[in-house]
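[1] here's a sequence, model it:
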Amino acid sequence: MDGIMRAMVAGLSEEASAAFLEDCLSCPLCRKRLHSHAAGWRCGACARSFPRRGDYIDFVDALPSSFRDGLETDFSEHYVLPDEPYWAPLVTVTQEYSALVPDVLARLVPPPRRCLDIGRSLVEHGHIKPHLSAYERCLSVYCVLDPDPGQLECRDPRIFMARGIGEALPFADASFEIVLIHATLDHFVDYSRALDECRRVLVAGGILSIVMNNDGSWAKRLARKEARRRRIEASKHHNVFLTATRMVEELRERGYSIVHFRGLRYLLLPASILNRINRAIGSRALASVMRLSNRVGAALAPRLGGDFHLLARKIGEMPDRDRGRARRDAL
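    Predicted coordinates:
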């Protein structure tokens, strides 16, 4: 085991991933260790089988209907970018921030850094996205979990792909140093159970990274009627709407300390206005305006951005929920 752990320090490798799976892959229901065979993995305790389907292992089909009721399994339309001119500078600014996160994680978490990505946030077309390539050096093991089989294309043998859900993770306790939930928590059928599962698979001192739309942004507070209309429209694909403050409280109740918090996307203007600004000053200038609004907004009102990113460190045992509510305080 010491040799495996030392090998994990050097970055992603196929060997480290294989050794990790043999040691940490477990049944999402009885949580007993799984055993590999030619067609996939099998639980020796409950006899459930989890087949390989192309590039991924399928953990969804074997789940009871109670887990699968209401489960969304086609997210293809979520990855189609809007045909709006302002979107290009917004993507540029978002990617610039995302590219900084691996260095932040490297400072917070010593190697080995085994990572679970619930929602495929780092991967596109089967590879880690170019602007996120620093993760390849930062991480020792990288596992992707997504309920949509259409999103589980893999062309990198160092990456483990699994079709699964956050409410029933197919990994043993304390398997990961890092868990990512980037732009997916609001799609979970039972986000509370998923947060508990994330805590279970994190090691003590591990980091949970959440990127999420903020239901308490300054724009939604000012335009409450429009916020309600958008919330109704979004409820076709979103199961929960949380403010930044509520998310911080949820994590503190589960025994986390917030070690990084950043408000994002503060230039919350109607698309028509952003497009006119884009035509008037150009995409590069609009991107500069967006960067400036994000810096000022994050400094003055970190919980009022359109989105937020937080890093929470797992500490201690799961606290009593009632005592946790009484101990709520401001970030």
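[2] use CA for all of it now, contacts and neighbours both
    OK.
[3] mind listing the helices for the stretch 51-200 of the chain?
    Secondary structure of the stretch 51-200 of the chain (DSSP state H, counting those that start in this stretch): helices at 65-68, 87-98, 101-108, 134-138, 191-201.
[4] out of those, which is closest to E249?
    Nearest to E249 among these is helix 191-201 (12.2 Å), distances taken as CA to CA.
[5] can I take it that A18 is in a helix?
    Yes: counting by DSSP: H, G, I helix; E, B strand; the rest coil, A18 is found in a helix.
[6] so what's R31 closest to, chain neighbours aside?
    If the residues on either side of it in the chain are set aside, R31 comes closest to A172, at 6.5 Å by CA to CA, 6 or more residues apart in numbering.
[7] would TSV of the helices of the stretch 51-200 of the chain with mean neighbour count and distance to V296 be doable?
    Formatted as TSV, the helices of the stretch 51-200 of the chain follow (neighbours: other CA atoms under 10 Å; distance: least, CA to CA, whole Å):
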stretch	mean neighbour count	distance to V296
helix 65-68	13	42
helix 87-98	16	15
helix 101-108	15	19
helix 134-138	19	27
helix 191-201	19	31
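[8] for M212, give me its contacts.
    Neighbouring residues of M212 by CA atoms under 8 Å, 6 or more residues apart in numbering: 182-186, 307-309.
[9] show me what counts as buried in the top strand by length along the chain.
    Secondary structure of the chain per DSSP state E: the longest strand is strand 202-213. Within strand 202-213, the residues scored as buried using 16 or more other CA atoms under 10 Å are 202-213.
[10] circling back to that earlier point, neighbours around the residue nearest to R31, how many?
    21 (other CA atoms under 10 Å).
[11] ok, G70 next?
    11.
[12] could you check the pLDDT of it?
    pLDDT, G70: 83.
[13] is it true that it touches V189?
    Yes: under the criterion of CA atoms under 8 Å, G70 makes contact with V189 at 6.8 Å.
[14] my read: L251 touches R313, true?
    No: if you go by CA under 8 Å, L251 and R313 don't touch, sitting 9.3 Å apart.
[15] pretty sure I273 sits in a helix.
    Yes: the assignment for I273 is a helix, going by three-state DSSP.
[16] sweet, I'm off.
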